[in-house]
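Visitor: What follows is a predicted structure for the sequence shown.
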Amino acid sequence: MKPKEPKQPKEPKGSVDPVKPAQPKEPAQPEEPKGSMRRLAVWNQKGGTCKTTTVVNLAAALGEGGARVLVVDLDPQGDASDSFGVPWEGKGLLDVFQGERELASLVQSTSAPGVDLIPSSQFLVGLERSLAGEVATETILRRALDALPARWDVVLLDCPPSVSLLPISALAACSEVVVPVFTQFLPLKGVAALLRTLDKVRAALNPGLRIVGVLACVVDGTRLSREVTEKLRTRFASEVFRTVVRKSTRLAEAASHKMPVTLYDPEGNGAADYRALAGELFERLDIAKPTKPKQPKDPLGYKGSKESKR
């Protein structure tokens, strides 16, 4: 009698055929995160330090270099909006702070390639009074920016020259801050107060906030201007941008013509300086590989080089 063959044990469920290795599953594609753009507040609590000039012309230069840029004009004076020729009537941003409107609904295009704008509102003057009694007002703007679609590489926030709710909200919402400094004695004196404010914001609202760069502006051939620039380099070391913005009448003229200097006077000193600044910012933020901008020749040795002809 032929002996029975022993039964083979059943293959447990979920086992893998040793001959045919299991095919790995396709990894799930992560959703594009919202609010992942690099946010930069351009701020100095002292007025007249080229904040708006820097926002408008840096945005245009970044756009030329291939970045997608969104400018948010938080100054109730609306100078950045005017400099782009974008109207800014109505409540606008005030509605966003009051939770009645989405930030994305305010975005407008500009004449500068790659640059969009959220214009200011004169109603922002009464912002603090309108939010009296509200909780966590300093983080309203952060939450509004978090809800934006990730369409831009860089968001530049033009802040009013104060330590009010608007600039504090911008500092609470941003990862980096650009500090423009007019190269004269009084603006340099105010830098210590600025640093104290930044320390308070880090401690209470945004521990990751850092200075991405200090920008020397309106640099001319005077001894004082050179000394202030060197003091900034001594105090802030590598945080000071290599690029300086030279004194240029074309920058003021461009604003009066409602366009950035890169469009108004593309071959002039102002355009060259802001293109050079954009190149540095591309490197520091590691957000793109732009075309190498023209570097100004020995800006600290500037002796009134000729502006381009009209």
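Guide: On my side now, so go ahead.

Visitor: C-alpha from now on. contacts and neighbour counts both.
Guide: Noted.

Visitor: outside of the strand or helix carrying residue 202, which residues touch it?
Guide: Assigned by DSSP states H and E, residue 202 belongs to helix 191-204. Residues outside helix 191-204 that contact it (Cα atoms under 8 Å, 6 or more residues apart in numbering): 44, 45, 163, 168, 171, 172, 207, 208, 209.

Visitor: Out of those, who's the most crowded?
Guide: residue 171 (31 neighbours; other Cα atoms under 10 Å).

Visitor: For the stretch 201-310 of the chain, just list every one of the strands.
Guide: Under the criterion DSSP state E, counting those that start in this stretch, the stretch 201-310 of the chain contains strands at 210-219, 245-246.

Visitor: what's the first one packed up against?
Guide: Counting contacts by 3 or more Cα pairs under 8 Å, 6 or more residues apart in numbering; DSSP states H and E, strand 210-219 is packed against strand 176-182, helix 223-236, strand 245-246.

Visitor: Just give me how far the second one sits from the chain centre.
Guide: Just to be clear, that refers to helix 223-236. Put simply, helix 223-236 sits 24 Å off its chain's centre (Cα atoms, centre = their mean, to the nearest Å).

Visitor: got the CA coordinates for it in CSV?
Guide: Provided in CSV are the C-alpha atoms of helix 223-236 (Å, rounded to 0.1, in the frame of the first residue of the first chain):
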residue,chain,number,x,y,z
ARG,A,223,32.2,110.5,4.6
LEU,A,224,29.2,110.1,6.9
SER,A,225,27.5,107.7,4.5
ARG,A,226,30.6,105.6,4.2
GLU,A,227,31.1,105.5,8.0
VAL,A,228,27.5,104.4,8.6
THR,A,229,27.8,101.7,6.1
GLU,A,230,31.0,100.4,7.7
LYS,A,231,29.4,100.6,11.2
LEU,A,232,26.5,98.4,9.9
ARG,A,233,29.0,95.9,8.6
THR,A,234,30.9,95.9,11.9
ARG,A,235,27.7,95.5,13.9
PHE,A,236,25.8,92.9,11.7
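
Visitor: Can you give the distance from the lowest-mean-pLDDT helix or strand in the chain to the centre of its chain?
Guide: Least confident helix or strand of the chain, by mean pLDDT, DSSP states H and E, is helix 185-189 with a mean of 85. For helix 185-189, the distance from its own C-alpha centre to the chain's C-alpha centre is 24 Å (Cα atoms, centre = their mean).
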